[in-house]
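*Asks:* I need the structure of the sequence given here:
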Amino acid sequence: MNTNIQINGAKTNNLKNVHVSIPKGKITVVAGLSGSGKSSLVFDTLAAESQRLLNETYSSYIQQILPHYEKPPVDQITNLPVSLVITQKKMGGNARSTVGTVTDIYTGLRLLFSRIGTPFIGYSMVYSFNNPQGMCQKCEGLGEIQEFKLENLLDYEKTLNEGAIHFPTFQPGGWRLTRYTESGYFDNDKKLREYTPAEMNRLLYDSGSKPQNASSKFPKTGTYVGLIERIKKTMLEKNSSQYQANFAQILHTCTCPLCNGTRVNEHVRSVTIHGKSIGDCVQMSLTELYDFLSTISQPNVTILLADLQKRLTSLISVGLGYLNIGRQTATLSGGESQRIKMTKHLNSALTDVLYIFDEPSVGLHPEDILGINRLFTQLKEKGNTVVLVDHDPAIIKLADHIIEMGPTAGEEGGSVIFSGSYNQLLQANTMTANALSQPHSLNDSKKHYKDFYVLKDVSAYTVKHQSVKIPKNSLTVVSGVAGSGKSTLIRNLFAAHYPESILFDQSPIHGSNRSNLLTYLGIFDKIRQKYAEISGKNTAFLSFNGKGACPECKGKGFIKYDLAYMGDVVQKCEKCQGNRYNDEALSVFWHGKNIVELLQLTVEAAVNTFTIPAVQTALTSLIEANLGYIKLGQSLNTLSGGETQRLKIAAKLIDVQLTDTPIFILDEPSIGLHEIDIAQLLLLLSKLKNMGKTLIVLEHKLSIISQADWVIDMGPKGGNEGGNVLFAGPPTELLQQKNSYTAKHLRHYLD
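*Replies:* Coordinates of the predicted model:
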């Protein structure tokens, strides 16, 4: 029996007829520069074909519900197992989806309390916050409520006639306002600040009454209802989409005061085990919950306890011990979501599965990576094949087999330049081998700062009464294990104290498949204008959103066919071959290229083609942001999180208002970057610093931490065991810290 997955003739995206073997039952890491073809090989070829073949085994009805996978351009894949792809995509879910529900830990706790909790109040469903018997009546099992910000809803210096109510249809001339001005209850020319408590209560909270002195304009059969009640009943509870922006102004979400965020009612909370209710368990960190369950020894719940502790151990081992099971899944980061998905698979009885992970090191401190490496090893030991796309040296070192794509990126990538063991890689002459072999250094320059941004005695979430100072015009790196309070300190507290800060993170840029690099940077019109000048036509003739669109697909590049019960099928438009333009638009040439050929150029290849200063400036900024390998016409919705963040930085580099933004906060800018690429990122940060910017970078990469001017280390651990500023100062002094995981790994990195 062949023990390798064999890929022959893969041509997806930039892959150049790739032939490669992946050993089954082993851990394989696929490495290479950003844009070298890793994702094209692993996700768009290997995973796509496995998922496609599996989906074909289902009925036509089921197939239309499942994701649709095109057959990848590959000659043959043999010995292909069923694959499970664990991505960085956030879990999402509604407000009732929590860490406890998706991991089944809350289900286990409900069963535990129904078995041995005292007093006995019923079976496990009674303990569910989705059950009317168990949910808190005030928040209906959500753990939080929405309260009105009266200072935003009302202007106390105005009268009703002057527009004291700041909400559509309650303004002068609005039809809902007449319910108040014609009720006879109020002096319509009296300022709200002069209202008696009884008048204000009637204006806001009257649950329903019949006015005795109403004017003829008040509806004859109408009932008077207070402003708050009316907004709740007629708009908020109906989730009226047209008023969403207005709701954001007048509402804020807070913890339910009745259940204190536990979601369950007092009857459920009256049941305890060793003095703790299920509500108390929900608010414990996973580490604290494990310790609590360890105190229970009743023999009739031994199997249940073992299952709960096994699930908790898995989560704690991947650095999630700081979470609690009440945490909404929608609030988890991509890295946290991915690790929760990992542990679910670890507890699965399936074997001989191909597990594919997309950059599992993202969001993880070197200390946390030790935990996920143990998890990968456990998956392998159960008889599975593990394939990881990652750049992290600690994960590459774990691999039984390494495949490196390259030699560089984009058109210059797409080939297998190495395949072998870790020790063999160290002897090779590749980008990854060079990055792993080069000696590491520390920024040991002594700078004396006089001006600082200061946070004094600040608190939020796990950060309690902390003070810290950040030197101006410096590169400050904020480090610490996952959940140690980095984001709370900087993204919440610092940004609130210094609102002039600009944040760069991996949140997606809102663009359709019609948006590309050029449209985002605002330079596509200048290029179309040049083509229009050459052709003597209007710029609309050079737009696939306008008169330049292919008449068949209307500028989409594809045709969607509705095959009824078999679902929709998307096919490349045969007329334009997916390029979106009509023949007239394609007949215009500039520098020997029509507009489609120009959009196929990479940024690096195009930068010297143009003679338009604004376009050259924008493309240069993309190269400085390490995006030179991306094609000009690449859709924004295909960019990774790291590429998105760097594109935002590039846009700021050409922003004329840049001088007004002194503080840049970057949340893990190394995401998606090879170690070699990080040198380019450091050059970009240096350029921003030379422009007078203060840079605050939330980061785990030791190659970035080691080059900081100033380090703020949070910890020592995550959750309730974190939130402390352990250290603030130059990196040379960080090395002396004894209670810092960052210092421990930095010492090892330099050795």
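*Asks:* In terms of helix, strand or coil, where does Thr313 fall?
*Replies:* helix (DSSP: H, G, I helix; E, B strand; the rest coil).
*Asks:* Not counting sequence-adjacent ones, nearest residue to it?
*Replies:* Tyr290 (7.0 Å; C-beta to C-beta, 6 or more residues apart in numbering). In short, each C-beta sits where N, CA and C put it, glycine included.
*Asks:* Now do Lys744, the pLDDT please.
*Replies:* On pLDDT, Lys744 comes in at 96.
*Asks:* Next: Arg747.
*Replies:* pLDDT, Arg747: 96.
*Asks:* doesn't it fall inside a strand?
*Replies:* No: under three-state DSSP, Arg747 sits outside any strand and is assigned helix.
*Asks:* what's around it, how many residues?
*Replies:* 14 (other C-beta atoms under 10 Å).
*Asks:* check contacts around it.
*Replies:* For Arg747, the contacting residues are Leu735, by C-beta atoms under 8 Å, 6 or more residues apart in numbering.
*Asks:* ditto for Asn4
*Replies:* 21-24, 79.
*Asks:* List only those of those flagged as buried.
*Replies:* Listed as buried from these are 21-22, 24; burial here means 16 or more other C-beta atoms under 10 Å.
*Asks:* Among these, which are located in strands?
*Replies:* 21-22 (DSSP state E).
*Asks:* want to throw the buried ones among the contacts of Asn4 into CSV with pLDDT?
*Replies:* Below are the buried ones among the contacts of Asn4 laid out as CSV (pLDDT from 0 to 100):
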residue, pLDDT
Ser21, 97
Ile22, 98
Lys24, 97
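*Asks:* Would you map the strands across the stretch 351-500 of the chain?
*Replies:* 354-358, 385-389, 401-406, 415-420, 452-460, 463-471, 475-479 (DSSP state E, counting those that start in this stretch).
*Asks:* Give me the sheet partners of the fifth one and which way each runs.
*Replies:* Looking back up the chat, that one is strand 452-460. strand 463-471 (antiparallel) (DSSP bridges).
*Asks:* Quick check: which ranges of the stretch 551-700 of the chain have low pLDDT?
*Replies:* 561-570, 641, 656-659 (pLDDT under 70).
*Asks:* Show me the helices in it, by range?
*Replies:* Secondary structure of the stretch 551-700 of the chain (DSSP state H, counting those that start in this stretch): helices at 583-586, 595-599, 603-606, 613-624, 641-653, 675-690.
*Asks:* do you know which of those helices lies nearest Pro508?
*Replies:* Of all these, helix 641-653 sits nearest to Pro508, with 6.1 Å by C-beta to C-beta.
*Asks:* Which of the helices and strands in the protein ranks last by mean pLDDT?
*Replies:* For the chain, the helix or strand with the lowest mean confidence is strand 568-572, at a mean of 70 (criterion: mean pLDDT, DSSP states H and E).
*Asks:* picking that back up, would you mind measuring from the residue nearest to Thr313 to Tyr69?
*Replies:* Noted for Tyr290: a distance of 40 Å to Tyr69, by C-beta to C-beta, to the nearest Å.
*Asks:* Glu675 too?
*Replies:* According to C-beta to C-beta, Glu675 stands 32 Å off from Tyr69.
*Asks:* which residues touch Gln168?
*Replies:* I think there's a mix-up here, since residue 168 is Pro and not Gln. So Pro168 contacts 174, 243, 246 (C-beta under 8 Å, 6+ apart).
*Asks:* And for the second one, the neighbour number?
*Replies:* Right, Tyr243. Counted with other C-beta under 10 Å, Tyr243 comes out at 18.
*Asks:* again, but for the last one
*Replies:* Asn246 is flanked by 17 other residues according to other C-beta under 10 Å.
*Asks:* Now Asp44: closest residue in space, sequence neighbours ignored.
*Replies:* Thr12 (4.6 Å).
*Asks:* Same check on Gly480?
*Replies:* Met714 (3.4 Å).
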